[in-house]
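[1] what follows is a predicted structure for the sequence shown.
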Protein chains: 6
Amino acid sequence: MKRVVTFGEIMMRLIPEGYGRFQKSSHYRSYYGGAEANSAETIAQLGIESRYVTKLPAHALGEGAVNSLRGYGVDTSYVVRGGDRLGLYFMENGTSQRPAQTIYDRAHSAIAEAKAEEFDWDEILDGADWFQFSGITPALSPEMAKATLEACQTAKKKGLVVSCDLNYRSKMWSPAQARKVMDQILPLVDVFIANDKDVLGMYDDKTWTHSEPKERALEILNWMNDRYHFKAAAMILVVEMDYGRKGTWGALLSDGKIYQSRGFLVDMVESVGAGDTFAGALIVARLKGLSGDEAVNYAAAASALKFSVPGDASIITEDDICSLMKRSRSDWIAR
Amino acid sequence: MKRVVTFGEIMMRLIPEGYGRFQKSSHYRSYYGGAEANSAETIAQLGIESRYVTKLPAHALGEGAVNSLRGYGVDTSYVVRGGDRLGLYFMENGTSQRPAQTIYDRAHSAIAEAKAEEFDWDEILDGADWFQFSGITPALSPEMAKATLEACQTAKKKGLVVSCDLNYRSKMWSPAQARKVMDQILPLVDVFIANDKDVLGMYDDKTWTHSEPKERALEILNWMNDRYHFKAAAMILVVEMDYGRKGTWGALLSDGKIYQSRGFLVDMVESVGAGDTFAGALIVARLKGLSGDEAVNYAAAASALKFSVPGDASIITEDDICSLMKRSRSDWIAR
Amino acid sequence: MKRVVTFGEIMMRLIPEGYGRFQKSSHYRSYYGGAEANSAETIAQLGIESRYVTKLPAHALGEGAVNSLRGYGVDTSYVVRGGDRLGLYFMENGTSQRPAQTIYDRAHSAIAEAKAEEFDWDEILDGADWFQFSGITPALSPEMAKATLEACQTAKKKGLVVSCDLNYRSKMWSPAQARKVMDQILPLVDVFIANDKDVLGMYDDKTWTHSEPKERALEILNWMNDRYHFKAAAMILVVEMDYGRKGTWGALLSDGKIYQSRGFLVDMVESVGAGDTFAGALIVARLKGLSGDEAVNYAAAASALKFSVPGDASIITEDDICSLMKRSRSDWIAR
Amino acid sequence: MKRVVTFGEIMMRLIPEGYGRFQKSSHYRSYYGGAEANSAETIAQLGIESRYVTKLPAHALGEGAVNSLRGYGVDTSYVVRGGDRLGLYFMENGTSQRPAQTIYDRAHSAIAEAKAEEFDWDEILDGADWFQFSGITPALSPEMAKATLEACQTAKKKGLVVSCDLNYRSKMWSPAQARKVMDQILPLVDVFIANDKDVLGMYDDKTWTHSEPKERALEILNWMNDRYHFKAAAMILVVEMDYGRKGTWGALLSDGKIYQSRGFLVDMVESVGAGDTFAGALIVARLKGLSGDEAVNYAAAASALKFSVPGDASIITEDDICSLMKRSRSDWIAR
Amino acid sequence: MKRVVTFGEIMMRLIPEGYGRFQKSSHYRSYYGGAEANSAETIAQLGIESRYVTKLPAHALGEGAVNSLRGYGVDTSYVVRGGDRLGLYFMENGTSQRPAQTIYDRAHSAIAEAKAEEFDWDEILDGADWFQFSGITPALSPEMAKATLEACQTAKKKGLVVSCDLNYRSKMWSPAQARKVMDQILPLVDVFIANDKDVLGMYDDKTWTHSEPKERALEILNWMNDRYHFKAAAMILVVEMDYGRKGTWGALLSDGKIYQSRGFLVDMVESVGAGDTFAGALIVARLKGLSGDEAVNYAAAASALKFSVPGDASIITEDDICSLMKRSRSDWIAR
Amino acid sequence: MKRVVTFGEIMMRLIPEGYGRFQKSSHYRSYYGGAEANSAETIAQLGIESRYVTKLPAHALGEGAVNSLRGYGVDTSYVVRGGDRLGLYFMENGTSQRPAQTIYDRAHSAIAEAKAEEFDWDEILDGADWFQFSGITPALSPEMAKATLEACQTAKKKGLVVSCDLNYRSKMWSPAQARKVMDQILPLVDVFIANDKDVLGMYDDKTWTHSEPKERALEILNWMNDRYHFKAAAMILVVEMDYGRKGTWGALLSDGKIYQSRGFLVDMVESVGAGDTFAGALIVARLKGLSGDEAVNYAAAASALKFSVPGDASIITEDDICSLMKRSRSDWIAR
């Protein structure tokens, strides 16, 4: 079977029950998640071997994160144990005109304070077909930027496909810092995945011509491909409605040709993890040998379904995806 | 007071909290329900004497089912106790593009393994005015098909009105098996209730001309009336919107004349029990002497309200129905 | 810092979990609230000193109400303790075509049976800038009507601004009784706040010309101003959609000139407290010196956000309001 | 089958989750219960026909109380509907050195404000074998004292056995008031049930000689029998340990001869309803024809089990009782 | 690393919240468990490779069971998927004098209806050091008895240690049936584990001399060793107190010499899984090379801790065990 | 009214539901607490003005902590807002032989990274009568040690009583570090509170003669008084039973004379906050002018009750304490 290795963070998320606000909540639901971990869980659940690489404290909550990953079928044998704390984030559900709120508490986590040398990429990547990370991984610390670069270099040497989900986070680093690091790493990337907000945020020194979703996505794809020469690149397409809680969701994939998925009308019951699911499902689609058109629809359907699943992990099966692909008509045309 | 006797199954439903998926849920909400039991509970709560006939295991969960029926005012004095297990079904709430999922675990239940002779219809139906069952009852087993037939025969002999809610379930029997059994039973039925999907599923050997909801319903009513000579027949009418989670809901009633209810715009917060409520409320409407037009609106309003009530049981009062009938304008015209 | 004194009731609300109905619920969520208390909590949380005046029983549930008020930063040092019971109300969430239901159990509460002389307004209002009450306060009992009148008189003497949120409750008194009492009190009021339903209910002896929301609001404002000579008056504007669970929400403010807020599209996740938040936020806006246009938008935005917060208390921050005001376009034009 | 008619109150109990205190709780569990209702539910569940007579408001929470009674198999066809409110009581679990706390809110309830004439005892008691009430029923109001007296008189006329569980409540009436009313009613009583605290509280004008549990119980039995000439009388015996949360529980029965039950070691997980269960189970034992020795053990075992069942209702089966009677040795001797 | 293969059942357990009874519960907590699965999870969590072999339906609840096993680090790559249903059991917590109640619903499960040939033991056991099963496995069906026998034969051929936890279940088969099957299997067993109740239940044709726990255990060990010639055998020792909810817990191990563990005073907060944990931990102790004395204490401490962990799975770490072994004095002497 | 100023930390505690273990929990209950904050809440609830001084992040969880403090009546007007994170601790309930487990995540909190100069003690302590802190406050950071020293110096200058609860935490600093800092601070302390474990932990360079609780406490009191010359000093006395979950709890107070409280038998349902409650209640007792004997019993009773209250905050009223003092006999003699 094919194997994907993913490298990144995993945090505990704490979310007040119902639509309760932080100021007055006393009952929380917890999940373990993180952009890269979510992708790794998607990959495992869709039937591809999935190994996750991170560092977690040696205490029982770190074990909880390992338990969560393993439960979804992810191989955790290369998770390093040690360090002081588990990264956390608190999230408050939004509804009506009130947006979801997030309080990150990820600084000083085991992975943020890990050393690059704690990860032996030659061994970790052995026998694997694909290496995936997101822009959050190198943003964690200079050491993790170094580890990400080393992982990409080793992966290329060993003949793996390398993919990156851009995930630019302005609270973690400035656009200039991000560009400096990513300009070293992205040339090693074969498959690039992003949404337009992340690209616009990180390349804030550039002026873009288009504002309509599809045309802006094409403009970005062209510009990024010129700059980094990806083998394939995918952009999420969203048209928001109703204060951002509903919308039409899909994607563009470019690999020489351009493929556009159907648009899936979604209710954003859970706002976390759709992009991560897209990345994971796109990797699965490529490893399963789907055509460009099939792949972009498969990944878009998987990620559209994620909006219905509470928590970070994408508990979505092959059956769920196929059933949605059969059921759904194109929703790009306004209802 | 008028009395209705209903015959069928009652199961325990287990549903994960919130929108959690089966793969990862650890907290369940339970309800007792089943198509026929739901109708019986509607009848009791709308003020008509309601006796329920089924078989339940003699253990505490069987007692829980009896407790639930009695709580809604249903007479359980003819519930047979014995057998091995309570039928179960697991249900996962759907949302956004993800449909609700059901895992049935009803085989080998006390009622599925009961003998026809365990039910003394002469005594059970004594003093009653109406006998109701659904297509699930004879599908449980050949013995239950026999018991249903015997019940209908006794009911006719004693002068009761006999009604049937078609509820064709393809997982329980094939269309051919169903038709063979129902062709014996339906000629004894006075009042027939169905939705178009069930009719199309069971009479899969027939070609239908119309596809628009109202015209198809009329076509079905005509064809079924020709075949079985009902005194009255009702068809649910639905126009779905938004991935099947919203829609306009109403009904047609034919008793020589055709009556169409208003359309009620509904959000499908709970997907189980609306049809069962329709059947129960239609029986109540007839026993209370409502006109054809009033009856179809009463039953349609009651069942439209059911989409707002979690669980199988239709906890809907006469006041709720009247208040909706006053409040609501016709929603058949698109908003 | 500016200080507002608010006078009224605070009850315990009990609400079944989820969309459960009273007939079958066994798990309740409790909140402490009441129209005037909700306004007082809004004021405190938006940074103005807020003192609440009421009477509560000396037992632990009365202490719970005090704890709740204090938690939001409200000064409870003038809450009288004594009497027999805490007012209660049971509320059942509505959804789809089923409206929310309320069972009030507020009679014989400590505040309803308090004596006017238990409140020493000279001391209570000392150092304050504003006195706020709602039409529920004098409706509690003739003694509380007397206390409200005395409070207004003392407030005027001491140079405070006096404001009233009309909140006419037909279950508490008849229109004629209400008019008789309020005709004594309203001439002392500087800032008047209402929605059209309350005005139409209380002044049921008058015929109104307009039915379109904005024009009716203007008609009401003119007529009320002629009758009571307010310094400023505000009317809530709502256009309902989808069986009253969605709508466009905003307000008109008249202080010589007329200001209309933007319309905020809202999902009514929680139906209690939006009007109370409007009143509280309007007082804050005036005390912070916002212009008429800014004030009506500030108060409309705050109250539009309240529909997203479960419970009576308006847990809304200055940041939430500013962020909504920036984000939102006018939604008065149909989507 | 034998039928018992019971007359009294039923309230909603609200209890904070876990060991939470009232001052800070926001999640409550609700139960419906009341001393007499609890006995009626015990009787129905142990297989004797049980009719409950009370008055409940015509709203949905009143329906909830009816639903709860019916669920346990109690006949509610003579429950009067009307009046303003449902009686309530708030209860906080105790643990360790902190005792359970109760806040009653039962004044002004439908039953407390009912008229004696609303109950047609001739019809209600028709076909019954036994009439049961507790000392709380006449304490509700002079009208309910009158209704209780009338019920006893009618019962005697019709040849029913009349029983009374003393349940003296000092918050409801003074000892002198209680004695004045009960001195009219108790001479009509055949079977009397009490614990020593209630007797000592109500007959506070008498001096008692003994303080050791069994001897005091015998002294009370003798004195009460001299005064009221009961056919049978039973006294609960308790020896408390560990701050009142553990103890040995049993009873004495006198019907000419004296029978003492075994002592059952109990953990008081739920503190409400054990006495009510004792009364109900003793009635069942008598109606089933058990001997004096069997009856007192049956009732003591049933009530000892009640300490393990959360909520007011005694969900205890014949099997549970028999299994405990077989399992348990006498625990009167200290462990 | 050493690897253990375990073969058996895994069911879903459903347990009402708190001390609620089945008759009236509506909120359930679910766990996945089964005697053999619990042992496998203990083994994995104590750091030995643990492979679990069973059959589970291919639906989402079956996936939930796999997810649960994997989460604890168990290798599920040889779990067969297919069949109709997941075995279930309902369990009600006991407290005070009320014992826990269990309703099994395990008939017709995927594993109970599996064929022996679905398990390729040659491949499954490859590279393993130990094969473990319990007496429940062959009791599931004649096919599973056959599969167990084949597994033991293959294991012996491949040089694995074979162990059996007796777990005699009288609801699954009669003593005579059990003896007939087990007499074929037990001669292949190296390490035998049991408690006295199971031995007495299954060998009901034998008369035993001793009744005091330790002496009876020794008598059983001698007799069983004579009959089956085990290399090692362990017996659980329990002295119950307080209606079986407290007690002193430990074990005897015989491997030529006799070792007795300390007695651990336990509160039985969770009654399931202690024996399974003992079996798992004893296997771990042997594979880690602990001495007889160390091994019996390690396994006794692990299983004593299990009484504190809700759910079937033994979430107990090496640290927990070591810390208890250090902390605890011998509790065999009565307090 | 008297006013106490308390200085220290406040964290969010997260605790899995029931007896769930960290490795597998998904539902958490949250509380805000910290040793000093718990004392401040005790003081406010027992009727003394209580001001709390700390630093909290300016986000909504920081506001939650403020809300919690204010709810109990604590004055938070001198809480500094700013910094990055709220301190956290995760706590797992223990039961039977499994002890409670705590994972601290308090490093880098707002208070741990605050500067001494952020607290203007001259203003903060103005008008106050007492200054309280615990040994955790100076352990947070050198800056907080400096702030504590400055606070004590200012307090002494202004004539306040200064008290310290030793609370030595070996995970925060070494004994040598602690002694170095505390040797500067303790000479400024008037009233000293500790338990023997903390003293033995911090003064690990000293050899103690006695091991029996009371004699060791007296030895410690003498030695500490010789070293630091306190005006009064109190030591907690505990005799543990049943794996530390039950015990007898009380205290010694020395102020020239020695007073010993009664011993209160306790079940340790909640293990956090008893010592903090003792400190708070002792301060209250002194400010209310209770005698030495009354004071030590008042504080011991308050803290004994804390074991029954879930969460950090001591929700204990004057009535609770008085009622326990009346009810309880001395439990120092073994039961």
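    That came through, no problem.
[2] what about stretch A:62-82, average pLDDT?
    Across stretch A:62-82, pLDDT averages out at 98.
[3] and for it, what's in contact with it?
    The contact list for stretch A:62-82, computed with CB atoms under 8 Å, 6 or more residues apart in numbering or on different chains, reads A:10, A:12, A:31-32, A:37, A:40-41, A:44-45, A:49-58, A:86, A:110, A:114, A:118-119, A:123-124, A:313, A:315, B:24, E:67-68, E:70-73, F:22-25. Just so you know, the C-beta spots here come from the backbone N, C-alpha and C atoms, and that holds for glycine as well.
[4] in that stretch, what counts as buried?
    A:62-76, A:78-80 (16 or more other CB atoms under 10 Å in any protein chain shown).
[5] now intersect those residues with the helices, please.
    A:G62, A:E63, A:G64, A:A65, A:V66, A:N67, A:S68, A:L69, A:R70, A:G71 (DSSP state H).
[6] turn those into TSV, columns for distance to B:K257.
    Formatted as TSV, these follow (distance: CB to CB, whole Å):
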residue	distance to B:K257
A:G62	72
A:E63	70
A:G64	65
A:A65	66
A:V66	68
A:N67	64
A:S68	61
A:L69	64
A:R70	65
A:G71	60
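[7] and of those, the nearest to chain D?
    A:G64 (22.8 Å; CB to the nearest CB).
[8] who's in contact with the residue in the stretch 201-335 of chain A that chain F sits nearest to?
    At 8.8 Å from chain F, A:G311 is the closest residue in the stretch 201-335 of chain A, using CB to the nearest CB. By CB under 8 Å, 6+ apart, the contact list for A:G311 reads A:R13, A:Y31, A:G33, A:E270, A:V272, A:G273, B:K24.
[9] same list (the residues you listed) but as TSV, adding neighbour count.
    Converted to TSV, the contacts of A:G311 look like this (neighbours: other CB atoms under 10 Å in any protein chain shown):
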residue	neighbour count
A:R13	20
A:Y31	20
A:G33	25
A:E270	23
A:V272	26
A:G273	28
B:K24	23
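[10] now the two most distant members of those.
    Farthest pair in the contacts of A:G311 (CB to CB) is A:V272 and B:K24. Separation: 15.2 Å.
[11] give me the distance between the residue at minimal distance from the centre of chain A and chain D.
    When CA atoms, centre = their mean is applied to chain A, the residue found nearest the centroid is A:D276 (2.9 Å). For A:D276, the distance to chain D equals 33 Å [CB to the nearest CB, to the nearest Å].
[12] again, but for A:I103
    Counting by CB to the nearest CB, the gap from A:I103 to chain D is 22 Å.
[13] look up how far chain C lies from the residue in the stretch 101-250 of chain A that chain E sits nearest to.
    Of all residues in the stretch 101-250 of chain A, the one sitting closest to chain E is A:G127 (16.2 Å; CB to the nearest CB). The gap separating A:G127 from chain C is 48 Å, by CB to the nearest CB.
[14] count the residues that sit near that residue.
    12 (other CB atoms under 10 Å in any protein chain shown).
[15] is it true that it touches A:M1?
    No: the criterion here is CB atoms under 8 Å, and A:G127 misses it with A:M1 at 10.4 Å.
[16] low-confidence stretches in chain A?
    Residues of chain A meeting the criterion pLDDT under 70: A:242-244, A:328-335.
[17] please enumerate the helices of it.
    So, for chain A - with DSSP H - the helices run A:35-45, A:60-71, A:121-124, A:136-139, A:142-157, A:175-185, A:196-202, A:213-228, A:274-287, A:292-306, A:318-327.
[18] closest to B:Q184 out of those helices?
    Between the helices of chain A, helix A:318-327 lies closest to B:Q184; by CB to CB that is 36.5 Å.
[19] picking up where we left off before, from the contacts of stretch A:62-82, which would you call buried?
    A:10, A:12, A:31-32, A:37, A:40-41, A:44-45, A:49-57, A:86, A:110, A:114, A:119, A:124, A:313, A:315, B:24, E:67-68, E:70-73, F:22-25.
[20] that older thread, which residues touch the residue nearest to the centre of chain A?
    So A:D276 contacts A:A35, A:E36, A:N38, A:S39, A:T42, A:S134, A:D165, A:K306, A:D312, A:S314 (CB under 8 Å, 6+ apart).
[21] any idea how many residues pack against A:Q153?
    15.
[22] show me which residues of the stretch 1-150 of chain A sit near chain B.
    A:G71 (CB under 8 Å from any CB of the partner chain).
[23] up against chain F, what does the stretch 1-150 of chain A have?
    So far as CB under 8 Å from any CB goes, the stretch 1-150 of chain A lies against chain F at A:14, A:21-31, A:59-61, A:63-64, A:67, A:84-86, A:88, A:90, A:92, A:101, A:103, A:105, A:107-108.
[24] any idea which residue of chain A lies closest to chain D?
    A:S26 (6.7 Å).
[25] and that residue, what is it in contact with?
    A:S26 neighbours (CB under 8 Å, 6+ apart): D:S26, F:R29, F:S30, F:Y31.
[26] the second one is in contact with F:G20, isn't it?
    I take that to be F:R29. No: taking contacts as CB under 8 Å, F:R29 lies outside contact range of F:G20: 10.6 Å.
[27] can you tell me how far the residue of chain A closest to chain D sits from A:G311?
    20 Å (CB to CB, to the nearest Å).
[28] same thing with A:I10?
    Counting by CB to CB, the gap from A:I10 to A:G311 is 13 Å.
[29] any shared contact partners between those two?
    Joint contacts of A:I10 and A:G311 (CB under 8 Å, 6+ apart) are A:G33.
[30] about what we covered before: out of the helices of chain A, which one sits most buried?
    With neighbours defined as mean count of other CB atoms under 10 Å in any protein chain shown, those peak in mean count at helix A:35-45, which reaches a mean of 29.
[31] next one: that helix to chain centre, how far?
    8 Å (CA atoms, centre = their mean, to the nearest Å).
[32] who's in contact with that helix?
    A:4, A:6-10, A:50-52, A:54, A:69, A:72-74, A:132-134, A:136-137, A:165, A:167, A:272-273, A:275-277, A:279-281, A:283-284, A:302, A:312-317.
[33] with adjacent residues omitted, what lies nearest to the most far-flung residue of chain A relative to its centre?
    The outermost residue of chain A, judged against the average C-alpha position, is A:K24 (31.2 Å), by CA atoms, centre = their mean. In this structure, A:K24 finds its nearest non-sequential neighbour in C:I315, 5.8 Å apart by CB to CB, 6 or more residues apart in numbering or on different chains.
[34] tell me which of the contacts of A:D276 is nearest to C:K158?
    Closest to C:K158, out of all of those and judged by CB to CB, is A:D312, at 56.4 Å.
[35] contacting residues for that closest one?
    A:D312 neighbours (CB under 8 Å, 6+ apart): A:R13, A:Y31, A:Y32, A:G33, A:G34, A:A37, A:N38, A:V272, A:G273, A:D276.
[36] let's see which of those residues end up in strands.
    A:R13, A:Y31, A:Y32, A:G33 (DSSP state E).
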